[in-house]
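# How does the following fold in three dimensions:
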Amino acid sequence: MTSTLPFPAAAPQPVLIVGAGLAGLTAAHVLLAAGMPVRILEARDRVGGRTWAVPALPAKGENDLLDLGATWGWAHHPYLLQLLGELGIPSFRQPSAGATAYQTRQGVHRLAQPAGSAGYRRFAGGAAVLCRTLAGRLPAECLQLNTRVTQLRLLVPGQGVAVQVEQGVATHTYPAAAVVLALPPRLVAQCISFTPSLPAALQQTLREVPTWMSHAMKSVVVYEQPFWRAQGWSGFAVSQTGPLTEVHDASPAGGAPGALFGFFAAPHPLRAAPLAARRAAVLAQLELLFGAPAAAPLAYHEWDWARDPLTSGPGDEQPPRSVPLQGPALLRQPAWAGRLHWAGAETSVSEWGRLDGAVESGRYAAAQVLRQLTTG
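Next up, the predicted model:
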């Protein structure tokens, strides 16, 4: 079934934002504050993009949420700190007191040095609380989930853009005054068609920008208490053997339940193994690092972002050979005579790939749209 869903004739066409992650929701926040009509289209059944937090103990509801996606901010992140202030969201220092565990093939070494995560900042409710709070402030009907954008078509001058989407088995087309693509650039190149085609240099840029976190896989293990602290461990570990290459104390600000999270090596054969095999290997490693209590968790969570088709595409499972300091200049410029704009942490000139970069890019894209639509 195909349909065209116009807005009321008296209403101006909205700006359509593709992606309800932190960049897209930030852009919407700025545009709505300026009086611009906005509609956000999100392919997932949730907001947040690569920020995603799950209940530590599902049976106890969402009292304690733990990050399976982006996690940290830092004191030198001005855009993130400004947003936290605007939303009234507190942050806390990630627990880091105690010894560092360093695992080699010869065993586990106890290092009396600060954890590598000293100074990292986290948020009650996980980093996903930023997106949930922004989404909660949206007007009714502004956000559409389970809506996958498949095609953009530039209309005759002055008519904006036609945005084709899939919602289940149905296909719809929405009109837009302008479009902000707040998705990983590679995903845009792989999943959305453009009429007319984008310039060759822009297409190449979209394909070449690495996707932040696309190769990452996180495991989170939940315990009744952070038992490692009583033994003088910080919960921070670095391993040469794996399967987790880096481990952190992921416990909530209140300290209970206790939680450890780690990054799986990329690539690692266990990532294609059954869940039970991964879980067993992770628990065996944590037992070696922090002792027998680590073998008896209350819950185990994991997510492989390389296998998430709404984040990653072919080739994204490999870590990038280098991490850019800033997004490409072409993705700071509008396309299609100012009707097509880019947002997302990969386009940022502040902290590329991080939460601060996502916020900066959303603000930048919104300001660009406002200039274009208010000055012609």
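# Who does Trp342 form a beta bridge with?
Leu181 (DSSP bridges).
# Wait, it touches Pro185, no?
Yes. With contact defined as C-beta atoms under 8 Å, Trp342 counts as touching Pro185 (7.5 Å). Using the backbone N, CA and C atoms, a C-beta is placed for each residue, glycine as well.
# any weak-confidence spans in the stretch 1-150 of the chain?
The stretch 1-150 of the chain contains residues with pLDDT under 70 at 1-11, 61-62.
# one more time with 80
By pLDDT under 80, the low-scoring segments of the stretch 1-150 of the chain are 1-12, 59-63.
# if I look at Gln151, how far off is Pro184?
Per C-beta to C-beta, to the nearest Å, Gln151 is found 18 Å from Pro184.
# Revised request: answer the last question for Met217.
Going from Met217 to Pro184 by C-beta to C-beta gives 17 Å.
# These two: which is more packed in?
For Met217 versus Pro184, neighbours defined as other C-beta atoms under 10 Å are more numerous around Pro184 (30 against 25).
# neighbour count winner among Trp342 and Pro185?
Neighbour totals were compared for Trp342 and Pro185, and Trp342 leads with 29 against 24 (other C-beta under 10 Å).
# which residue is nearest the middle of the chain?
Arg50 (2.0 Å; C-alpha atoms, centre = their mean).
# Excluding chain neighbours, give the residue nearest to that residue in space.
Closest residue in space to Arg50, ignoring its immediate chain neighbours: Gly69 at 4.6 Å, by C-beta to C-beta, 6 or more residues apart in numbering.
# wait, what's in contact with Gly232?
Gly98, Ala99 (C-beta atoms under 8 Å, 6 or more residues apart in numbering).
# going forward, begin numbering at 11 instead of 1
All set: I'll call the first residue 11, so the last point we hit is now Gly242.
# and it, what pLDDT?
On pLDDT, Gly242 comes in at 95.
# how much space between it and Ala122?
From Gly242 over to Ala122 (counting by C-beta to C-beta), the distance is 9 Å.
# Mind listing the shared neighbours of these two?
Common contact partners of Gly242 and Ala122 (C-beta under 8 Å, 6+ apart): Ala109.
# Kindly state the domain boundaries assigned to this protein.
Per automatic domain parsing, the domain ranges recorded for the chain read 12-59+140-222+323-385, 68-77+106-133+225-317.
# shared neighbours, Trp352 and Pro195?
Counting by C-beta under 8 Å, 6+ apart, the common neighbours of Trp352 and Pro195 are Leu341.
# how about the strands in the stretch 11-160 of the chain?
Ranges of strands in the stretch 11-160 of the chain, per DSSP state E, counting those that start in this stretch, are 12-14, 25-28, 48-51, 63-65, 75-77, 101-103, 109-114, 117-121, 131-133, 153-154, 158-164.
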